[in-house]
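Engineer: Need coordinates for the below:
(one chain, ligands or ions: 1)
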Amino acid sequence: MRIFTPGPTPLPENVKISQAREIIHHRTSEFSKVFAEVQDGLKYIFQSQNEVLILAASGTGAMEATVVNLLSPHDKVLVIEGGKFGERWTEINRTFGIEVVVLKVEWGKVARAEEIGDILKQNPEIKAVFAQLVETSTGVVYDIKSIAEVVKETSAVLIVDAISGLGAESLPQDQWAVDVVIGGSQKALMVPPGLAFVSLSEKARELMESSTLPCYYWDFKKAIKSLSTGQTPYTPAVSLICALKESLRIIREEGQEKIIRRHNLLAQATRAAANNLGLRVFGFPSSNVVTAMVIPEEIGANRLKKLMWEKYGVLTAGGQAHLSGKIIRIAHLGWMDNLDILGAISALEMSLGQLGYSVELGSGIKAAEEILSKE
Ligand SMILES: *Cc1c(COP(=O)(O)O)cnc(C)c1O
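Structural biologist: Next comes the predicted model:
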């Protein structure tokens, strides 16, 4: 099986092996040592001096935890809603009685920083702005740098769900002044699902001090206190943290800049292949994480996805909500190289042809190779 979904992503061999070892107990110096190493590696990924909290949860758990730790009932917040994951921010906030101002963005497009600035001017009581780095449902990447420049001039904090983008796109948290960055294990970090990460700026911690929403398991204050002793308040996902230690080592070996460049080239190659095959790439500006392509109705995105999977063992993602049946999404995320993506493109071409789409075999591959062979 070959996974080309935006999470979970393929695992490096050593990451797999690291989980198969004998369990270590979490209240030991052996674990604290692993934990310290992982902390260090996470700071490298987040490009931040902040301690990074490690939660036993999928990404959404960290999204909810951030809301309950920072906000209070009836607070007003701004959510940039340009896809499925933007909607998730709205849903979580409303679940906790928070008043949400929604900045609706057409799916496949991005919000402009000026619009956000205007809304914050008209609503100075807004406590937080919620965004994605990459809106995985549409494949676009938001301009967090410009958004942060606007938000940092106000009293609001900027909270970024970077679960799919972290590690594949540039997001220097401290340099850009992003208050909260959230990550997950199963995307560019090349670890199985089950860990989520939260990094909080000083400004975010100040907001946390005034929060009155109740929480127990998610309590960031307890987690921060435990961190200083190399621990978590409750039993951590020990095996996943061991796997993370290995993946962070692999990431450091390659280097963050090179990794982002590799993702960018794979993304460019995939888009070039789609264009050459006559498929429209959905969304702009496209991310390094995933390429969404519009599949002609007579072919059918679901039929295509099924054939690629059943005949070639290439697993892609379909569209979500109203894009279901209309697009397929090919992720080029994590442990992936040139030949991997060429394999996926090859399966795409052959499947399209078998479904009656007029395709010149090799035309997608050719466009991709032209980009990949430049480096
Ligand atoms: C994958 C993803 C999530 C998290 O989903 P989980 O299933 O809870 O891990 C959140 N936001 C974005 C943008 C994602 O891509």
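Engineer: can you pull out the strands in the stretch 201-350 of the chain?
Structural biologist: With DSSP state E, counting those that start in this stretch as the criterion, the stretch 201-350 of the chain has strands at 281-282, 290-294, 314-315, 317-318, 327-331.
Engineer: what's the average pLDDT for the second one?
Structural biologist: This predicted structure assigns strand 290-294 an average pLDDT of 98.
Engineer: Over to the third one?
Structural biologist: Throughout strand 314-315, pLDDT has a mean value of 98.
Engineer: Show residues contacting it.
Structural biologist: With contact meaning CB atoms under 8 Å, 6 or more residues apart in numbering, strand 314-315 is reached by Met1, Arg2, Ile3, Phe4, Thr5, Met308, Trp309, Gly343, Ala344, Ala347, Leu348. For the C-beta atoms, the positions are set from N, CA and C on the backbone; glycine is no exception.
Engineer: from these, which is closest to the ligand?
Structural biologist: The closest of the contacts of strand 314-315 to the ligand turns out to be Thr5 (CB to the nearest ligand atom; 9.6 Å).
Engineer: mind listing the helices for the stretch 51-200 of the chain?
Structural biologist: 59-70, 84-95, 113-122, 144-151, 173-176 (DSSP state H, counting those that start in this stretch).
Engineer: on contacts alone, who are the packing partners of the fourth one?
Structural biologist: When you say that, I think you mean helix 144-151. Counting contacts by 3 or more CB pairs under 8 Å, 6 or more residues apart in numbering; DSSP states H and E, helix 144-151 packs against helix 113-122, strand 126-132, strand 157-161, helix 173-176.
Engineer: Which residue does the stretch 251-375 of the chain have closest to the ligand?
Structural biologist: Taking CB to the nearest ligand atom, the stretch 251-375 of the chain has Val289 as its residue nearest the ligand, at 7.7 Å.
Engineer: Dump the strands of the stretch 201-350 of the chain to JSON lines, plus distance to Ile24.
Structural biologist: Converted to JSON lines, those look like this (distance: least, CB to CB, whole Å):
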{"stretch": "strand 281-282", "distance to Ile24": "45"}
{"stretch": "strand 290-294", "distance to Ile24": "35"}
{"stretch": "strand 314-315", "distance to Ile24": "33"}
{"stretch": "strand 317-318", "distance to Ile24": "35"}
{"stretch": "strand 327-331", "distance to Ile24": "32"}
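Engineer: Redo those as TSV? Include mean neighbour count.
Structural biologist: Formatted as TSV, the strands of the stretch 201-350 of the chain follow (neighbours: other CB atoms under 10 Å):
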stretch	mean neighbour count
strand 281-282	22
strand 290-294	27
strand 314-315	20
strand 317-318	20
strand 327-331	28
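Engineer: hang on, the earlier thing: would you mind finding the most buried of the helices and strands packed on helix 144-151?
Structural biologist: strand 157-161 (a mean of 27; mean count of other CB atoms under 10 Å).
Engineer: Sheet partners, orientation included, of that one?
Structural biologist: In the sheet, strand 157-161 lines up against strand 126-132 (parallel), strand 180-184 (parallel) (DSSP bridges).
Engineer: Run a quick check on Ser324 versus Ala317, I expect a contact.
Structural biologist: No. Counting by CB atoms under 8 Å, Ala317 is not a contact partner of Ser324; they are 10.7 Å apart.
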